[in-house]
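Engineer: No letters, just coordinates:
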């Protein structure tokens, strides 16, 4: 996964978790276990909700990632 994300740092992505929660933000950093997103919004059925600070997501909890 590191090799795939290496050239996508600082690109906007949508991350959907196995729990079905979805977030949009800039891929800021990553390693084998965690990705870090900045300027994050929680995507809901209504308007997106801003998320304060940096969001750290365990790779094991990710269902899909989409470059947007």
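Structural biologist: Yep, that arrived. Predicted model only: the values in this text are computed from it and were never measured.

Engineer: you'd agree residue 34 is up against residue 55?
Structural biologist: No: Residue 34 is beyond contact range of residue 55, at 10.2 Å (criterion: Cβ atoms under 8 Å). C-beta here means a position set from N, CA and C on the backbone, and glycine is covered the same way.

Engineer: Please list the residues outside the helix or strand encompassing residue 28 that contact it.
Structural biologist: Using DSSP states H and E, residue 28 sits in strand 22-30. For strand 22-30, contacts defined as Cβ atoms under 8 Å, 6 or more residues apart in numbering pick out 1-2, 5, 8-17, 35-43, 48, 51, 54-55, 57, 68.

Engineer: Now, of these, which are buried?
Structural biologist: Listed as buried from these are 5, 13-15, 35-37, 40-41, 43, 51, 55, 57; burial here means 16 or more other Cβ atoms under 10 Å.

Engineer: and the most centrally placed residue in the chain, backbone torsions?
Structural biologist: The residue lying closest to the centre of the chain (Cα atoms, centre = their mean) is residue 15, at 4.2 Å. Main-chain dihedrals, residue 15, degrees, to the nearest 10: phi -110, psi 120.

Engineer: Which elements pack onto whatever helix or strand comes next after the strand holding residue 28?
Structural biologist: Sequence-wise, the next helix or strand downstream of strand 22-30 (DSSP H and E) is strand 34-43. Applying 3 or more Cβ pairs under 8 Å, 6 or more residues apart in numbering; DSSP states H and E, one finds that strand 34-43 contacts strand 12-17, strand 22-30, strand 49-50, strand 55-58.
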